[in-house]
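A.B. asks: sharing a sequence plus its predicted fold:
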Amino acid sequence: MSRAQALHPFLQRIQRGTILGDGAMGTQLHARGVSFERSFDELNLTQPRIVEEIHRAYLAAGSEVIETNTFGANRIRLARYGLEGKVREINRKAVKIARDAREVAGESTFLAGSVGPIGQQLEPMGQITLAQAQAAFQEQIEGLLEGGADLLILETFTNLPELLAAVRAARAATADLPIVAQMSFAEDGLTLAAEEPSQVVAALQAAGVDVIGVNCGVGPQVALNVVETMRPLTRRPLSAQPNAGLPARVEGRFFYFATPDYFADFAREAQQAGVAYIGGCCGTTPAHIAAMRDALKPKAASQAAARQQPAAAPIAIDLTPTDQLPRTPFAQKLHDKGFVISVEIDPPRGLNPAKHLAGAQLIKDAGADAIDIGDSPMARVRMSALTLAVMIQQQVGIDTLIHFTSRDKNLMALQAELIGAHALGVRNIIALTGDPPNVGDYPSATGVWDVDSIGLIKIITRLNQGFDWLGTSIGKPAAFTIACAVNPTAEDLDHELDRFKQKIDAGAHLAMSQPLYDRETLERFFERTGPLPIPFLLGVLPLQSSRHAEFMHNEVPGIVVRQQLRERMRKAGENGIQEGLEQSRELLEQTRGMVQGVYLMPSFGRYEMVAELVRGLRARRTVG
């Protein structure tokens with residue numbers, strides 16, 4: 001196991017105790033009226049809300065792992081429906097649907113990319129070669145990785161050589177993400193290809209998978225028998241996700257008769273047998289998962305974390321009308337010429353911020369100075385940045401910066417919200433204009449924009465002088481620290497520099513850049529600006545893969561990733577995440593002394609990646 005795999009949060013989690021997965025996807029879709037004759041995977045494109053509802057039901061039931069709706073989303077299976085050209089699109093969208101469900105639920109949940117067999121016999125019985133199968137698996141897995149899957153589950157394989165081809169495809173696509181590899185066993189304890197559990201364990205262990213297990217099949221008892229046979233043969237974690245028994249066809253519909261109570265008994269026995277990852281397959285429902293959740297001891301990690309959360313500290317309200325408030329810890333470090341490290345966290349799309357609070361704690365423990373929080377980025381509805389900032393400051397104990405946009409509020413509401421933020425102790429503000437609503441989830445919504453980012457900086461500056469925009473006293477000067485955004489790679493750099501100067505003149509205290517990927521761009525920018533009167537924080541967004549690099553360069557306005565770096569990402573192949581981190585480390589070292597801090601942006605909520613960069617920066621600064 002590589003160092004990156006050993007550190008993966010999913011593997012850390014199962015070392016602490018049994019983790020609960022989800023149940024069936026296909027039979028749940030069928031229960032909602034989707035015919036078995038349809039491609040369930042196509043629903044990711046045509047009916048995503050149905051898929052998301054199922055994910056959310058499992059999350060509500062207590063699942064800590066949810067699998068994407070991609071069991072048959074490989075080229076060979078999709079060809080039956082004329083969809084072989086949409087492999088990547090279907091898999092990417094499936095991960096997005098699962099991610100959206102997780103964000104709405106607010107759970108600390110892992111997203112597992114589901115990969116099933118190709119659905120045809122291999123040579124010599126069939127016409128598909130192992131090489132063709134492996135290529136099909138790799139294409140699908142790359143789509144799942146592009147979407148941001150946290151791990152891969154290779155499941156319901158009945159032929160060991162085919163499963164090993166899927167494992168090779170997974171490792172060719174990524175060396176970083178954990179692999180759960182599961183086979184189906186019949187009543188006699190053998191696979192349909194007559195392989196014994198011992199053969200499966202030996203082959204999968206040699207192939208380097210992280211979790212070995214059984215799923216689907218005829219029900220819980222066979223699954224228990226198989227994992228009990230496997231347990232003495234390996235030190236790897238084991239998984240078990242059986243069917244709810246064998247199905248019966250009643251009036252054209254399939255029914256499974258293993259009850260939630262029966263699965264609760266199964267969960268207890270599986271846990272006693274040393275199974276690390278427990279869930280369900282065909283016929284299992286959110287009710288089965290809820291029953292297993294209640295049966296497992298200790299219960300789901302998210303519940304345990306919730307019980308252990310410290311009580312919220314009282315909010316300190318300043319009532320002294322004469323004294324100027326001290327600087328925030330973030331502002332004080334900038335004032336003292338320290339190198340500041342800020343990490344971005346987007347607010348949840350639902351009511352539960354547990355995952356985001358855990359991410360903030362990880363980042364704080366790594367040594368960051370502040371968490372900056374987006375204001376409904378990409379014009380998608382999320383929890384307010386101010387609410388999450390207050391919770392992070394109270395429950396995690398780290399300073400925050402909130403993105404504050406002029407998009408959604410008129411001049412009066414902007415000032416009211418700023419005054420409220422100040423009273424709650426949130427006094428670091430990144431003043432932004434904001435993304436137009438028509439790029440997000442509500443295309444019919446309209447923006448307000450009484451002022452743009454420059455006008456917003458002027459408003460905050462007036463509050464720092466003790467007056468609102470019309471000159472009415474607010475009792476005493478506010479103590480906001482005002483950050484502004486700047487893009488050194490803007491196509492119209494003259495226009496960007498003009499606006500940047502206006503932001504500084506309006507009262508900005510520091511600048512935070514869009515993501516940069518090379519020192520030369522920064523040098524050219526500073527040549528144009530000359531010495532800056534305010535600190536400059538370098539924006540760094542680590543690349544994940546070659547496709548991520550191409551996406552950032554070609555599809556994100558204002559971002560430039562040089563050909564040399566994109567070529568390095570291409571050559572890195574399965575080691576894309578580590579290569580992206582190495583490029584970020586190189587850039588941070590090359591710009592040492594040029595900037596006063598760094599603004600780190602994780603992709604797909606992978607806070608552990610930027611935490612590694614934070615730890616490296618802190619170690620370097622300590623040594624230096």
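C.D. replies: That came in fine, so what should we check first?

A.B. asks: can you give me the strands for the stretch 1-150 of the chain?
C.D. replies: For the stretch 1-150 of the chain, strands defined by DSSP state E, counting those that start in this stretch occupy the ranges 19-20, 65-67, 110-115.

A.B. asks: what about His553, neighbour count?
C.D. replies: When neighbours are counted by other CB atoms under 10 Å, His553 registers 17. All C-beta spots, glycine's among them, are computed from the backbone N, C-alpha and C.

A.B. asks: whoops, I mixed them up, Thr521
C.D. replies: By the criterion of other CB under 10 Å, Thr521 has 15 neighbours.

A.B. asks: tell me the secondary structure at it.
C.D. replies: What DSSP: H, G, I helix; E, B strand; the rest coil gives for Thr521 is helix.

A.B. asks: quick check: it vs Ala290, distance?
C.D. replies: Applying CB to CB, to the nearest Å, the value for Thr521 to Ala290 is 52 Å.

A.B. asks: next secondary structure after the strand or helix carrying Ala360?
C.D. replies: Assigned by DSSP states H and E, Ala360 belongs to helix 354-366. Later in the chain than helix 354-366, the nearest helix or strand by DSSP H and E is strand 370-373.

A.B. asks: quick one: low-confidence ranges for the stretch 251-400 of the chain?
C.D. replies: 251-257, 297-324, 376-380 (pLDDT under 70).

A.B. asks: just to revisit the earlier point, Throw the strands of the stretch 1-150 of the chain into CSV and include distance to Pro477, mean neighbour count and mean pLDDT, thanks.
C.D. replies: Listed next are these as CSV, based on distance: least, CB to CB, whole Å; neighbours: other CB atoms under 10 Å; pLDDT from 0 to 100:
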stretch, distance to Pro477, mean neighbour count, mean pLDDT
strand 19-20, 51, 24, 97
strand 65-67, 49, 28, 97
strand 110-115, 46, 27, 97
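
A.B. asks: dump the ones you listed into TSV; add distance to Gly219 as well.
C.D. replies: Below are the strands of the stretch 1-150 of the chain laid out as TSV (distance: least, CB to CB, whole Å):
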stretch	distance to Gly219
strand 19-20	18
strand 65-67	19
strand 110-115	20
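
A.B. asks: so which of the ones you listed gets nearest Ala490?
C.D. replies: strand 110-115 (34.0 Å; CB to CB).

A.B. asks: so how far is the closest one from its chain's centroid?
C.D. replies: Averaging C-alpha positions (CA atoms, centre = their mean, to the nearest Å) puts strand 110-115 12 Å from its chain's average.

A.B. asks: list the helices and strands it packs on?
C.D. replies: Packing partners of strand 110-115 (3 or more CB pairs under 8 Å, 6 or more residues apart in numbering; DSSP states H and E): helix 9-15, strand 65-67, helix 87-105, helix 130-147, strand 151-157.

A.B. asks: list just the one of these that sits closest to Leu238.
C.D. replies: Distance to Leu238, taken as CB to CB, is lowest for helix 9-15 among those, at 9.9 Å.

A.B. asks: and the next helix or strand past the least confident helix or strand in the chain by mean pLDDT?
C.D. replies: When each helix and strand of the chain is scored by mean pLDDT, DSSP states H and E, helix 301-308 comes last, with a mean of 41. Counting by DSSP H and E, the next helix or strand C-terminal to helix 301-308 is helix 329-335.

A.B. asks: hmm, who's touching that following helix?
C.D. replies: Residues from elsewhere that reach helix 329-335 (CB atoms under 8 Å, 6 or more residues apart in numbering): 326-327, 340, 342, 369-370, 399, 401, 427-428, 481, 509-510, 535, 596-597.

A.B. asks: that one: which residues count as buried?
C.D. replies: Neighbour counts over helix 329-335 (16 or more other CB atoms under 10 Å) mark 330-331, 333-334 as buried.

A.B. asks: also stretch 596-612?
C.D. replies: Quick answer for stretch 596-612 (16+ other CB under 10 Å): 596-612.

A.B. asks: can I get it in CSV, CA atoms only?
C.D. replies: Output of stretch 596-612 as CSV, limited to C-alpha atoms (Å, rounded to 0.1, in the frame of the first residue of the first chain):
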residue,chain,number,x,y,z
GLN,A,596,2.9,37.4,2.0
GLY,A,597,0.7,34.4,2.2
VAL,A,598,-1.2,31.7,0.3
TYR,A,599,-4.8,31.0,-0.4
LEU,A,600,-5.3,27.3,-0.9
MET,A,601,-8.4,25.9,-2.7
PRO,A,602,-9.2,22.2,-2.5
SER,A,603,-11.0,20.4,-5.4
PHE,A,604,-14.0,18.3,-4.6
GLY,A,605,-13.8,19.0,-0.9
ARG,A,606,-10.6,17.0,-0.5
TYR,A,607,-9.3,18.9,2.5
GLU,A,608,-6.7,16.3,3.3
MET,A,609,-4.8,17.3,0.2
VAL,A,610,-4.5,21.0,1.1
ALA,A,611,-3.8,20.0,4.7
GLU,A,612,-0.7,18.2,3.5
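
A.B. asks: what helix or strand is Val226 located in?
C.D. replies: Per DSSP H and E: helix 220-230 holds Val226.

A.B. asks: packing partners of that helix?
C.D. replies: Judged by 3+ CB pairs under 8 Å, 6+ apart, the packing partners of helix 220-230 are helix 197-207, strand 211-216, strand 238-242, helix 260-272.

A.B. asks: looking at these, which is closest to Leu617?
C.D. replies: Leu617 lies closest, by CB to CB, to one member of these: strand 211-216, at 32.8 Å.

A.B. asks: could you give the average pLDDT over the closest one?
C.D. replies: For strand 211-216, mean pLDDT is 96.

A.B. asks: tell me where the stretch 401-550 of the chain has strands.
C.D. replies: For the stretch 401-550 of the chain, applying DSSP E, counting those that start in this stretch gives strands covering 428-432, 481-486, 510-515, 536-540.

A.B. asks: now those strands in TSV, with mean pLDDT, distance to Met391 and mean neighbour count?
C.D. replies: Listed next are those as TSV, based on pLDDT from 0 to 100; distance: least, CB to CB, whole Å; neighbours: other CB atoms under 10 Å:
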stretch	mean pLDDT	distance to Met391	mean neighbour count
strand 428-432	93	16	25
strand 481-486	96	20	24
strand 510-515	95	23	22
strand 536-540	96	24	22
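
A.B. asks: switch those strands over to TSV; also include distance to Ala360.
C.D. replies: As requested, the strands of the stretch 401-550 of the chain are arranged in TSV below (distance: least, CB to CB, whole Å):
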stretch	distance to Ala360
strand 428-432	15
strand 481-486	19
strand 510-515	18
strand 536-540	18
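
A.B. asks: out of those strands, flag the one nearest Ala240.
C.D. replies: Among the strands of the stretch 401-550 of the chain, the nearest to Ala240 by CB to CB is strand 536-540 (41.3 Å).

A.B. asks: so how far is the closest one off the chain centroid?
C.D. replies: When distances are taken as CA atoms, centre = their mean, strand 536-540 is centred 22 Å away from the chain's centroid.

A.B. asks: which other helices and strands does that strand contact?
C.D. replies: Under the contact criterion of 3+ CB pairs under 8 Å, 6+ apart, strand 536-540 touches strand 510-515, helix 576-590, strand 597-600.

A.B. asks: turn these into TSV, including distance to Glu195.
C.D. replies: Shown next, in TSV, are these (distance: least, CB to CB, whole Å):
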stretch	distance to Glu195
strand 510-515	48
helix 576-590	33
strand 597-600	46
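
A.B. asks: among these, which is nearest Ala423?
C.D. replies: Nearest to Ala423, of those and by CB to CB, is strand 510-515 at 22.9 Å.

A.B. asks: just the residues contacting the closest one, thanks.
C.D. replies: Under CB under 8 Å, 6+ apart, the answer for strand 510-515 is 334, 342, 372, 430, 481-489, 500, 503-504, 532, 534-541, 552, 558-559, 596, 599, 601.

A.B. asks: cool, stretch 348-364 as well?
C.D. replies: The contact list for stretch 348-364, computed with CB under 8 Å, 6+ apart, reads 100, 102-109, 302, 305-306, 309, 343, 345-347, 371, 380-383, 388, 391-392, 395-398, 605, 607-608, 610-611, 614.
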